[in-house]
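S.K.: Next come a sequence and a model predicted from it.
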Amino acid sequence: MPRPVLSIPSRLRAGIAALGLLALLAPVAQARAEGVVDRVARTGQLVLIGDPAQPPLLSRDGQGQPQGYGVVVARRIAAELAAAVGRPVSLRFQPVTDPATLGQRIAQGKADLACGVPFSWERDMTVDFSLPIGLSGLRLLAPAGRFDGAPEALAGRAIGVVRDSLAETELRGMQPAARVVPFPTLAEAVNALLAARVEGVIGDSSLLAGLVNARGASGLALTPELPYERYAVACLVPENDSPFRNLANLAIARLLQDYLDGQPEAVAAVDRWLGPGSALKLPQDRIRAYFETVLLGVEAIRPLPAATASRRPAP
């Protein structure tokens, strides 16, 4: 009987072609496999992204440099990376004003970190979240006395929200008769309120307070006393990049523990953006209570006393 048509040379040719294809794909696979820690070790830079019009989490100072609580956290993460890779690590900021693209840029490897982002299950499908760095919620910003925050009073009223945000979903659900006015960003929604183009704005209460303070606006109030929704905010990191996520979580835990221990640098840095003298005016006791709650799920970070450390045997 005749032999099969497929000859040994044909198999060899198929194998060579497959090897050639693998050779072409290898650089792409290697680039995709490079984690943040490896990239930072190679470049000496950690890329932070976010909207610079979101105080107290992120804004720019008089010299145009990024500042805010999110930057405080990101710098702590950069310092943790520097210790891990054994070289200085600088924080490079790239502004991204569209909140919908934050996760996309991190998932595509175009950025490493975004801090101050509310947790969502949808985002968690494509990127990972760090330990929480704070707590916030949805509230209504409007001229004082106009609303008490009750959903019934919003029927027929023009209320600004960020387009396709949790605030828009919440408003449509709790008061379908409200006139929903979507904006690309929360800053634009607040500008519309100040120009009397909407009667109120529903959004993240921390960011709303920060925007009002940055604009020097007066006569505005946040209602209700208890937010419509409460949620943790954290840092976005690439999905399935455990080495980087572990270091980011360690840096966050150290910051929270330093605040609880009364370490002056940590207390000053956090209070500047969240504490009694900030736009949020949060009491230190409330900050401490939340930080303690976050750290309940992880091992406590305690420095060894000097006397104990001196008695440790040499490795």
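M.R.: Structure received.

S.K.: dump the residue contacts of the residue positioned nearest the centre of the chain.
M.R.: Taking Cα atoms, centre = their mean, the centroid of the chain lies closest to Cys115, which sits 2.7 Å from it. The neighbours of Cys115, taking Cβ atoms under 8 Å, 6 or more residues apart in numbering as the test, are 48, 50, 57-58, 69-71, 73-74, 133, 234-236. Glycine gets a C-beta too; all of them are placed from N, C-alpha and C.

S.K.: would you list the residues you listed in a markdown table and tack on secondary structure?
M.R.: Shown next, in a markdown table, are the contacts of Cys115 (DSSP: H, G, I helix; E, B strand; the rest coil):
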| residue | secondary structure |
| --- | --- |
| Leu48 | strand |
| Gly50 | strand |
| Leu57 | coil |
| Leu58 | strand |
| Tyr69 | helix |
| Gly70 | helix |
| Val71 | helix |
| Val73 | helix |
| Ala74 | helix |
| Ile133 | coil |
| Ala234 | strand |
| Cys235 | strand |
| Leu236 | strand |
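
S.K.: and those residues as JSON lines, adding distance to Gly277?
M.R.: Shown next, in JSON lines, are those (distance: Cβ to Cβ, whole Å):
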{"residue": "Leu48", "distance to Gly277": "25"}
{"residue": "Gly50", "distance to Gly277": "23"}
{"residue": "Leu57", "distance to Gly277": "17"}
{"residue": "Leu58", "distance to Gly277": "19"}
{"residue": "Tyr69", "distance to Gly277": "14"}
{"residue": "Gly70", "distance to Gly277": "19"}
{"residue": "Val71", "distance to Gly277": "18"}
{"residue": "Val73", "distance to Gly277": "19"}
{"residue": "Ala74", "distance to Gly277": "22"}
{"residue": "Ile133", "distance to Gly277": "19"}
{"residue": "Ala234", "distance to Gly277": "25"}
{"residue": "Cys235", "distance to Gly277": "25"}
{"residue": "Leu236", "distance to Gly277": "29"}
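
S.K.: Let me know the closest of those residues to Ala268.
M.R.: Nearest to Ala268, judged by Cβ to Cβ, of these is Tyr69 at 12.3 Å.

S.K.: Tell me how many other residues crowd the closest one.
M.R.: By other Cβ atoms under 10 Å, 25 other residues sit near Tyr69.

S.K.: need the contact list for it.
M.R.: Contacts of Tyr69 (Cβ under 8 Å, 6+ apart): Pro56, Leu57, Cys115, Gly116, Ile133, Gly134, Val270, Trp273, Leu274.

S.K.: Relative to Gln94, how far out is it?
M.R.: Tyr69 sits 18 Å away from Gln94 when distances are taken as Cβ to Cβ, to the nearest Å.

S.K.: residue contacts, Ala84?
M.R.: Contacts of Ala84 (Cβ under 8 Å, 6+ apart): Val37, Leu247.

S.K.: 6 Å instead?
M.R.: Taking Cβ atoms under 6 Å, 6 or more residues apart in numbering, we find Ala84 in contact with Leu247.

S.K.: Could you confirm it falls within a helix?
M.R.: Yes: checked against three-state DSSP, Ala84 lies within a helix.

S.K.: in whatever helix or strand Ala209 lives in, what's buried?
M.R.: For Ala209, the host element (DSSP states H and E) is helix 205-215. Residues of helix 205-215 classed as buried by neighbour count (16 or more other Cβ atoms under 10 Å): Ser205, Ser206, Leu207, Leu208, Ala209, Gly210, Leu211, Val212, Ala214.

S.K.: pLDDT added to those, as a markdown table?
M.R.: Supplementary listing: these in a markdown table, determined by pLDDT from 0 to 100:
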| residue | pLDDT |
| --- | --- |
| Ser205 | 95 |
| Ser206 | 95 |
| Leu207 | 95 |
| Leu208 | 96 |
| Ala209 | 95 |
| Gly210 | 94 |
| Leu211 | 95 |
| Val212 | 95 |
| Ala214 | 92 |
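
S.K.: Looking at these, which is nearest Val190?
M.R.: The closest of these, once distances to Val190 are taken by Cβ to Cβ, is Leu211, at 4.8 Å.
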